[in-house]
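Enquirer: fold the following for me, if possible:
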Amino acid sequence: MLDRDFIAKSRASKEALKSANLLKNLNINALIIGDRGVGKNTLARHILDAPTVDGDKFKELLKALEVNNNLIIKNFDKIVNFEQLKKIINNKKIIAISENSLNNSIEDSFFSLKIHLPPLKSRMEDVSALSDIFYNEAKEIYGELTSEFDLNQIELDLSENIYSLKKSVYFAYLKNSLTSKDVQDMLEQFLIDKLGSGNDYRQLLHIFDVPLIKSGFKKYGSQLAISKAFGLNRNTLRKKINEYQLEG
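Expert: Next up, the predicted model:
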């Protein structure tokens with residue numbers, strides 16, 4: 001997750017933050033489990049101000065433990081030698097991060113507390129708060145919009161949690177800030193690298209046709225309505241829909 005305060009608006013996040021605040025003052029080791037992008041790194045840094053090392057790089061992890069009494073270990077599930085780690089971890093405070101659950105005996109031998117962070121799709125109050133943050137970030141980057149922008153009307157992508165959410169908010173904001181010339185300039189730069197097949201027009205026509213037809217379905221709903229709106233013969237339209245496998 002990104003380097004910001006842990007967002008806790010949903011019940012699950014509030015419970016996780018409550019546990020994290022308790023851990024700040026306790027000399028015990030804890031494991032944070034959750035999918036990529038749910039906030040594990042941010043919550044770990046909230047608990048412990050310490051270096052972060054990757055469990056997938058075992059030699060670097062051992063060196064870090066030699067010189068640090070407090071440590072955040074990401075990818076804890078990818079550690080190759082838990083027995084060796086156990087021998088040198090005494091009297092050190094460890095906050096571990098993992099996308100996957102571990103063997104129960106390993107978890108119990110290393111950690112006194114486990115925090116599970118569910119995906120953003122089950123924490124919609126957090127999604128709303130994060131969307132506002134990303135909206136304000138996008139405004140700083142791209143400037144004020146001349147047209148109205150409603151966060152509630154955009155399609156938020158939560159498939160990769162915070163990463164896809166941020167991308168969808170930024171993309172929606174950027175889309176609303178673009179002029180026709182901006183789009184043309186981007187396409188021009190994109191197409192320059194694609195030219196040279198000897199059949200460029202035929203090979204690249206789908207870049208224009210597919211979004212045009214898909215937007216037509218969203219706005220007009222049927223082939224007949226699209227045909228009338230586009231001023232396009234119905235047979236030609238149907239041929240393109242079949243060619244690109246767009247209908248349904």
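
Enquirer: quick one: secondary structure of the residue nearest the centre of the chain?
Expert: The chain has residue 163 as the residue nearest its centroid, 1.6 Å off, counting by C-alpha atoms, centre = their mean. Secondary structure, DSSP: H, G, I helix; E, B strand; the rest coil: residue 163 is helix.

Enquirer: near the closest residue to it other than its chain neighbours, how many other residues are there?
Expert: Excluding the flanking residues, the one nearest residue 163 by C-beta to C-beta, 6 or more residues apart in numbering is residue 37, at 4.7 Å. Backbone N, C-alpha and C define where each C-beta goes, glycine included. Counted with other C-beta atoms under 10 Å, residues neighbouring residue 37 total 22.

Enquirer: A helix includes residue 37, no?
Expert: No - read with three-state DSSP, residue 37 is coil and lies in no helix.

Enquirer: which outside residues touch stretch 53-69?
Expert: Stretch 53-69 has contacts (C-beta atoms under 8 Å, 6 or more residues apart in numbering) with 50-51, 71-81, 84-85, 88-89, 91-93, 96.

Enquirer: and those, which are buried?
Expert: 50, 71-77, 79, 85, 89, 93, 96 (16 or more other C-beta atoms under 10 Å).

Enquirer: just send those residues back as TSV, with pLDDT, distance to residue 191 and secondary structure too.
Expert: TSV is the format used below for the buried ones among the contacts of stretch 53-69 (pLDDT from 0 to 100; distance: C-beta to C-beta, whole Å; DSSP: H, G, I helix; E, B strand; the rest coil):
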residue	pLDDT	distance to residue 191	secondary structure
50	96	48	coil
71	97	49	strand
72	98	45	strand
73	98	46	strand
74	97	40	strand
75	97	40	coil
76	97	45	helix
77	96	43	helix
79	96	47	coil
85	95	52	helix
89	91	55	coil
93	96	55	strand
96	98	47	strand
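
Enquirer: closest one of those to residue 41?
Expert: Within the buried ones among the contacts of stretch 53-69, the smallest distance to residue 41 is 6.8 Å, found for residue 74 (C-beta to C-beta).

Enquirer: domain parsing for this structure?
Expert: 11-118, 123-176, 178-248 (automatic domain parsing).

Enquirer: for the longest helix anywhere in the chain, list the C-alpha coordinates in CSV.
Expert: Using DSSP state H, we find that the single longest helix of the chain is helix 124-142. C-alpha atoms of helix 124-142 as CSV (Å, rounded to 0.1, in the frame of the first residue of the first chain):
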residue,chain,number,x,y,z
MET,A,124,-16.7,-0.1,1.3
GLU,A,125,-16.5,2.7,3.9
ASP,A,126,-12.7,2.6,3.4
VAL,A,127,-13.1,2.6,-0.4
SER,A,128,-15.1,5.8,-0.2
ALA,A,129,-12.4,7.5,2.0
LEU,A,130,-9.6,6.3,-0.2
SER,A,131,-11.4,7.4,-3.3
ASP,A,132,-11.6,10.9,-1.9
ILE,A,133,-7.9,10.9,-1.2
PHE,A,134,-7.1,9.7,-4.8
TYR,A,135,-9.5,12.3,-6.2
ASN,A,136,-7.6,15.1,-4.4
GLU,A,137,-4.3,13.7,-5.5
ALA,A,138,-5.5,13.6,-9.1
LYS,A,139,-6.7,17.2,-8.8
GLU,A,140,-3.2,18.3,-7.6
ILE,A,141,-1.6,16.5,-10.6
TYR,A,142,-4.0,17.3,-13.4
